[in-house]
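Asker: Would you be able to build a 3D model of this:
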Amino acid sequence: MPDSQDPKQVSNSDLRNSQFGGGLVNADTVNAVRIGGDIYNIHLGQQTATSGNSVQSQSQRQRSLSEKDSLEKAYTLQSQKVANLRTALVIETDVSRKFQYENQLQSEERTLKELGDKLDAIEQQLQAAENSGLRADTIIYIERPPIEDKSYKAIVQPGALIRLKAPQRMGKTLLLEKTLDYARHQGYQTAKIDLQLADIDVLANLKTFLQWLCVDVADSLELEPQLEKHWQEVFGLNKNCTRYFQKYLLSLTDTPLVLAIDNFERLFDFPEIFPQFCLLLRGWYEAAKQGDKIGNIWKKLRLVVVHSTESYPSLDSNHSPFNVGLAIDLPEFNLQQVTELAKQQDLGLLKEQDLAQLMELVGGHPYLVQSAIAHLKSQQVTLEELLRLAPTEQGIFSDHLRQQLWHLQHNPLIEIGYKKVVVANAPMRLDTEVAFKLHSLGLIKFIGNDCVPGCDLYRQYFSTRLE
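Answerer: Predicted coordinates for the structure are as follows:
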């Protein structure tokens, strides 16, 4: 939103003195920020990090943080409104009013979800900017053999499907970029789709989403969309998308096309899109196995799917892209790799025992290790200070820790589950969905089916924050 404008507050759904079941319920007024005809029109600003290669200026970061703060306040207010409506619906006995509240509740819950999606988007933007700032002068790619070699060998296979999986900030996008760069050196075309950047309107229905996909890939290849020419309403949606790739994108040249889809897990919350799109991807993968002319066309397509969790909705095994192709799980750095990173950052004076101390705190988590080494290199902090202040608000990880805390506080189920994990003296068994959500955030590690904190930094910080 422009700096000169503040969100307009309007009273919305004031339930005070409303009649419920013959009585009065004094539900608090909830103020909502009007947005684009619905509720919140929080402008997220122009994306400043494309493929993680540009650096966000300090002023842009401050603006993004301000917008994030506004969104968090709006989300809290909207949560309160939804809670009030749910209470009203339970108490109300009048049929007509109950019907009205049900409809209104559905609308407000949709708005709440949209706010959550906007918050996720701006957090992704801030993360990308933060990583870009590091990448510009401090991030060095450290290989984790044999995953790079496996990825490079797979991408040149006709009809390949690669699945890159790891919690957030483990280096999935870096590995993806390395793989795409390798493919380009083979002369391949590449197109990368980041679902985290897809507007909520794009995800409104399957048709809009598939047409957006087609146009976005064409734009990546610097082609005219020609959607009207290749999209015929007489065919179904998946069929139309398949025809567009087959008759247009894959038929213009014999050069293979690598299509990378980052942040795939965003589709998990869109049941109208997710199963159909998975069926589509599986269909393309199977089509490449055919020995006819059609199969030869689809052999040119190489798919890379990047996601942060295994906790995807149930799918027919024959319709899923998650049980075929090559699965690559990104591990944490080991001590040898952290030592190599320190050497490349001109921190060779750090002894192995110093790096072992650092790893006792943050494990081999790539983002946390990179951040620590960047601060040590700039001499902003000594190792002793870093270790002492790390789990506090004065520490170098405070922004990251507060961001993780926000995720927990806005999802009560995972907050309760994580509190059990960080205060326990032994691995804890959690509900499967809760465990996988925590794992996707990088907050836990699995030991068999049980959970432990992702690192000692998380255990120290969250054991005092989750009360």
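
Asker: Quick one: mean pLDDT over stretch 247-258.
Answerer: Averaged across stretch 247-258, the pLDDT comes to 97.

Asker: actually stretch 459-466, sorry about that
Answerer: Across stretch 459-466, pLDDT averages out at 96.

Asker: could I get that stretch in CSV with only the CA atoms?
Answerer: Extracted C-alpha coordinates of stretch 459-466, given in CSV (Å, rounded to 0.1, in the frame of the first residue of the first chain):
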residue,chain,number,x,y,z
ARG,A,459,14.6,-26.3,21.9
GLN,A,460,16.1,-23.5,24.0
TYR,A,461,14.1,-20.7,22.3
PHE,A,462,10.6,-22.3,22.1
SER,A,463,10.7,-24.1,25.5
THR,A,464,10.5,-20.6,27.0
ARG,A,465,8.2,-19.0,24.5
LEU,A,466,5.4,-21.6,24.3
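
Asker: Extract the residue ranges of the stretch 1-150 of the chain that are flagged as low pLDDT.
Answerer: 1-62, 123-139 (pLDDT under 70).

Asker: quick one: what helix or strand has the residue nearest to residue 119 when sequence neighbours are not counted in it?
Answerer: In space, and not counting its chain neighbours, residue 119 is closest to residue 71: 5.1 Å by Cβ to Cβ, 6 or more residues apart in numbering. Bear in mind the C-beta positions are built from the backbone N, C-alpha and C, glycine included. Using DSSP states H and E, residue 71 sits within helix 58-91.

Asker: If you count neighbours, what's buried in that helix?
Answerer: 60-61, 63-64, 67-68, 70-72, 74-75, 77-82, 84-85, 88-89, 91 (16 or more other Cβ atoms under 10 Å).

Asker: try stretch 303-311
Answerer: Of all the residues in stretch 303-311, those buried under the rule 16+ other Cβ under 10 Å are 303-309, 311.

Asker: Over to stretch 395-407?
Answerer: Buried residues in stretch 395-407, defined by neighbour count with 16+ other Cβ under 10 Å: 395-397, 400-401, 404-405, 407.

Asker: Ok, stretch 388-397 next?
Answerer: Buried-residue list, stretch 388-397, by 16+ other Cβ under 10 Å: 390-391, 395-397.

Asker: repeat for stretch 406-415
Answerer: Within stretch 406-415, the residues scored as buried using 16+ other Cβ under 10 Å are 407-408, 411, 414-415.

Asker: distance between the ends of that stretch?
Answerer: Length of stretch 406-415, first residue to last, Cα to Cα, to the nearest Å: 10 Å.

Asker: domain assignment for this structure?
Answerer: Using automatic domain parsing, the domain ranges for the chain come out as 9-137, 147-329, 335-396, 399-465.

Asker: give me every residue that touches the closest residue in space to residue 288 that isn't next to it in sequence.
Answerer: Closest residue in space to residue 288, ignoring its immediate chain neighbours: residue 159 at 2.5 Å, by Cβ to Cβ, 6+ apart. Applying Cβ atoms under 8 Å, 6 or more residues apart in numbering to residue 159 gives the contacts 285, 287-289, 298-299, 301-302.

Asker: repeat that for 7 Å
Answerer: By Cβ atoms under 7 Å, 6 or more residues apart in numbering, residue 159 lies in contact with 285, 288-289, 298-299, 301.

Asker: Am I right that it falls within a strand?
Answerer: No: counting by DSSP: H, G, I helix; E, B strand; the rest coil, residue 159 is not found in a strand; it is coil.

Asker: Please report how far it lies from residue 275.
Answerer: Noted for residue 159: a distance of 22 Å to residue 275, by Cβ to Cβ, to the nearest Å.

Asker: what ranges do the strands span in the protein?
Answerer: Per DSSP state E, the chain carries strands over the ranges 9-12, 18-20, 23-25, 30-33, 161-165, 189-194, 257-262, 301-307, 326-329, 444-447, 450-453.

Asker: and the residue lying closest to residue 203 once chain neighbours are set aside, how many neighbours does it have?
Answerer: In this structure, residue 203 finds its nearest non-sequential neighbour in residue 270, 5.2 Å apart by Cβ to Cβ, 6+ apart. For residue 270, the count of nearby residues is 20 (other Cβ atoms under 10 Å).

Asker: can you check residue 433 too?
Answerer: Neighbour number of residue 433 under other Cβ under 10 Å is 13.

Asker: ok, which pair from the buried residues of stretch 395-407 is furthest apart?
Answerer: The largest separation in these, counting by Cβ to Cβ, is between 396 and 407 at 19.7 Å.

Asker: Give me the below-cutoff pLDDT ranges for the stretch 301-450 of the chain.
Answerer: 310-313.

Asker: quick check, nearest of the buried residues of stretch 395-407 to residue 444?
Answerer: Set against residue 444, the nearest of the buried residues of stretch 395-407 by Cβ to Cβ is residue 404 (11.4 Å).

Asker: measure that closest one to residue 115 for me?
Answerer: 19 Å.

Asker: and what of residue 159?
Answerer: For residue 159 relative to residue 115 (Cβ to Cβ), the value is 40 Å.

Asker: tell me the contacts of the residue nearest to the spatial centre of the chain?
Answerer: Nearest to the mean C-alpha position of the chain, counting by Cα atoms, centre = their mean, stands residue 263 at 4.9 Å. Contacts for residue 263 (Cβ under 7 Å, 6+ apart) come out as 194-196, 306.

Asker: Alpha carbons of stretch 80-93, in PDB - could you do that?
Answerer: Provided in PDB are the C-alpha atoms of stretch 80-93 (Å, rounded to 0.1, in the frame of the first residue of the first chain):
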ATOM      1  CA  GLN A  80     -11.800 -12.800  16.200                       C
ATOM      2  CA  LYS A  81     -14.600 -12.100  13.800                       C
ATOM      3  CA  VAL A  82     -14.800 -15.700  12.700                       C
ATOM      4  CA  ALA A  83     -14.800 -16.900  16.400                       C
ATOM      5  CA  ASN A  84     -17.700 -14.500  17.200                       C
ATOM      6  CA  LEU A  85     -19.700 -15.800  14.200                       C
ATOM      7  CA  ARG A  86     -19.100 -19.400  15.200                       C
ATOM      8  CA  THR A  87     -20.300 -18.600  18.800                       C
ATOM      9  CA  ALA A  88     -23.400 -16.800  17.400                       C
ATOM     10  CA  LEU A  89     -24.100 -19.800  15.100                       C
ATOM     11  CA  VAL A  90     -24.000 -22.200  18.000                       C
ATOM     12  CA  ILE A  91     -26.300 -20.100  20.100                       C
ATOM     13  CA  GLU A  92     -28.800 -19.000  17.500                       C
ATOM     14  CA  THR A  93     -32.100 -21.000  17.300                       C
END
